[in-house]
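1. What would the 3D arrangement of this be:
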Amino acid sequence: MDVGQKPSYEPVVIRAGMNMLLDIYELVHMTIKDIYTKYYSDKAVEFFLEFHSKENIANDISKGNVYAVSFKQNVIGTGTLDGDHIKRVFVLPRFQGQGIGTLIMDFLEAEIIKSHGAAWLESSFPAGQFYHHRGYITKGYGEYPLENDKVLAYAIMCRKKFPIDPHEYNAPSQLVRREMELQGIDLDELRKVFPKRLYLLADSLYDTMLAKNAGTLTYHVGGEVYVMDHDRSVGFVKGEMCSPGIATQAEDLIAAGAKELIHVGFAGGYSGISIGDVVITDGAFNDTAVAGLYGCQEEIVRSTKELTDLLCREMAAKGIAYRRGCHRTTDAGYVQPCWSAKYYEDKGALCVEMEGAGLFAVAKFRSCRAAGIYVISDSGSGDDWNLGWGEKVLEASINKVINAITNNG
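-> Numbers count the residues shown, from 1 in each chain. Sure thing, here's the model as predicted:
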């Protein structure tokens, strides 16, 4: 196979037997000589070669702790388990960058979390970035003594957050089913008629909607759900505050049958964003705990692009000017030091609020579409922060957005 050529069929992870000892030994030593010499001194490379001796590998194989990635009856990768520790993860140089390392790590971590709460490893310098991108956090450093008073430093890393299968976490559906039963409603029948699009409205946005008598209170699940008079596939509910609240609410609404959740809330505008501006978000810079618990490790938890594009077209058709870009979601509404705001402003965040990341994380987890529209209620930076409550420009924006939602704009 040519260097860099992708496998033509799927490699598999198998438990290594003694018949693979020589293949694994040669794989490990070939990789060390090819990669480690770019980062370490000759003495350090010698240490790694001795540490991964044929005897040590054989000892681990005899315990049933060694696994190999087999491709076309050849060993192209390996990894070793020792309780909650991952050791000796190597991929042949010509197969690196093709997902083989990810394959073996996924397998080893899945084995670990069957009986342990976290995965630990000691990382060499070349592998540090790979482990970091998998969610490993450096917990400390260790040293191996070398000759001439030299030491070889390594990072001690831990991962305690792993991908979770939404099908295994079906408590929302069970609880909503029971809640509906108590109301005399069959959940399966409810899902056939429940509004597919729901607007989760904050505070006075919700009050303004109620004042327009645009919908009828129809369901009690995830709050009081109103069905729009002009379109029964659309509804609205008062959105819960903060990411944990709206995440729980989203779980209930999705379990009831919602397919699109649109958060319409208030936000504080960063530099260049004025009171009354409307922001349609592409995603939230995540400054919360909830998103991580749902497996979102990226810095930005994205809204659903197709739904966001649709909202932009709908708002434009109603003549509503808007700004589009990412924003920040934080769990601490009153703790926003200048340096923190500056970080997100420099990243391009248009505004800050407290729910978006939680909603988008749950929607991604449950394969639901989600988006966010934010009316800027206050803006500024540092001590120069302006509150817009009571200003006509804010009230005008609220009415424009609500009219667009109710099809009255």
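
2. Quick check: residue 174 is in a strand.
-> No: going by DSSP: H, G, I helix; E, B strand; the rest coil, the assignment for residue 174 is helix, not a strand.

3. any idea how far residue 190 is from it?
-> For residue 174, the distance to residue 190 (Cβ to Cβ, to the nearest Å) stands at 14 Å. Where you see a C-beta, it was placed from the backbone N, CA and C, and this is true even at glycine.

4. These two: who's more crowded?
-> When neighbours are counted by other Cβ atoms under 10 Å, residue 174 and residue 190 differ, and residue 190 comes out ahead with 18 against 11.

5. Dump the helix or strand where that one lies to CSV, restricted to CA.
-> Taking DSSP states H and E as the criterion, residue 190 maps to helix 187-193. Extracted in CSV, the C-alpha atoms of helix 187-193 (Å, rounded to 0.1, in the frame of the first residue of the first chain):
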residue,chain,number,x,y,z
LEU,A,187,-47.8,10.1,24.4
ASP,A,188,-47.7,8.4,21.0
GLU,A,189,-50.9,10.1,19.9
LEU,A,190,-49.6,13.4,21.3
ARG,A,191,-46.5,13.2,19.2
LYS,A,192,-48.7,13.1,16.0
VAL,A,193,-50.3,16.5,16.8
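
6. for that helix, which positions count as buried?
-> 187, 190, 191 (16 or more other Cβ atoms under 10 Å).

7. again with stretch 79-98
-> So, applying 16+ other Cβ under 10 Å, buried residues of stretch 79-98: 79-81, 86-92, 95-96, 98.

8. Quick check: residue 298 touching residue 284?
-> No: between residue 298 and residue 284 no contact is recorded; they are 10.5 Å apart, counting by Cβ atoms under 8 Å.

9. tell me the contacts of residue 160?
-> 117, 118, 119 (Cβ atoms under 8 Å, 6 or more residues apart in numbering).

10. wait, which of the residues you listed is closest to residue 14?
-> residue 119 (20.2 Å; Cβ to Cβ).

11. Pairing partners for the closest one in the sheet, please.
-> Note on residue 119: beta-bridge partners residue 159, judged by DSSP bridges.

12. Torsion angles phi and psi at residue 125?
-> Residue 125 has phi and psi values of phi -60, psi -50 when expressed as degrees, to the nearest 10.

13. Residue 169 too?
-> Torsion angles, degrees, to the nearest 10, at residue 169: phi -120, psi 80.

14. Start at 21, not 1
-> Got it, first residue is 21 now, which makes that one residue 189.

15. pLDDT of stretch 322-340, averaged?
-> For stretch 322-340, mean pLDDT rounds to 95.

16. again, but for stretch 368-378
-> Stretch 368-378 shows a mean pLDDT of 95.

17. and if you look at stretch 101-111?
-> Mean predicted lDDT for stretch 101-111 stands at 96.

18. In CSV, could you pull the C-alpha coordinates for it?
-> What follows is stretch 101-111 as a C-alpha-only set of coordinates in CSV (Å, rounded to 0.1, in the frame of the first residue of the first chain):
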residue,chain,number,x,y,z
LEU,A,101,-4.8,-1.6,29.0
ASP,A,102,-3.8,-1.7,32.6
GLY,A,103,-6.8,-1.2,34.8
ASP,A,104,-7.9,2.4,34.1
HIS,A,105,-4.6,3.2,32.4
ILE,A,106,-3.9,3.3,28.6
LYS,A,107,-0.4,2.4,27.6
ARG,A,108,1.7,1.8,24.5
VAL,A,109,-0.6,3.3,21.8
PHE,A,110,1.3,3.3,18.5
VAL,A,111,0.3,3.4,14.9
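
19. chain center to it: distance?
-> 26 Å (Cα atoms, centre = their mean, to the nearest Å).

20. For the residue of the chain most remote from its centre, grab phi and psi.
-> Here the chain reaches farthest from its C-alpha mean at residue 168, the gap being 46.5 Å by Cα atoms, centre = their mean. With angles defined as degrees, to the nearest 10, residue 168 sits at phi 60, psi 40.

21. Can you tell me the closest non-neighbouring residue to it?
-> Distances taken as Cβ to Cβ, 6 or more residues apart in numbering place residue 63 nearest to residue 168, at 7.9 Å, with adjacent residues excluded.

22. just checking, the one you found touches residue 164?
-> No: contact criterion Cβ under 8 Å: residue 63 and residue 164 do not qualify, at 10.8 Å.

23. where in the stretch 71-220 of the chain is pLDDT low?
-> Applying pLDDT under 70 to the stretch 71-220 of the chain picks out no residues at all.

24. Please enumerate the strands of it.
-> 86-91, 94-102, 105-111, 139-143, 157-165, 171-179, 217-221 (DSSP state E, counting those that start in this stretch).

25. ok, so of the buried residues of stretch 99-118, who is nearest residue 312?
-> residue 106 (21.5 Å).

26. partners of the closest one in the sheet?
-> residue 101, residue 141.

27. Next, the contact list for it, please.
-> Counting by Cβ under 8 Å, 6+ apart, the residues that residue 106 touches are 99, 100, 125, 128, 129, 132, 139, 140, 141.

28. Spit out the contact partners of the first one.
-> Residues in contact with residue 99, defined by Cβ under 8 Å, 6+ apart, are 86, 87, 106, 107, 108, 109, 110, 124, 125, 127, 128.
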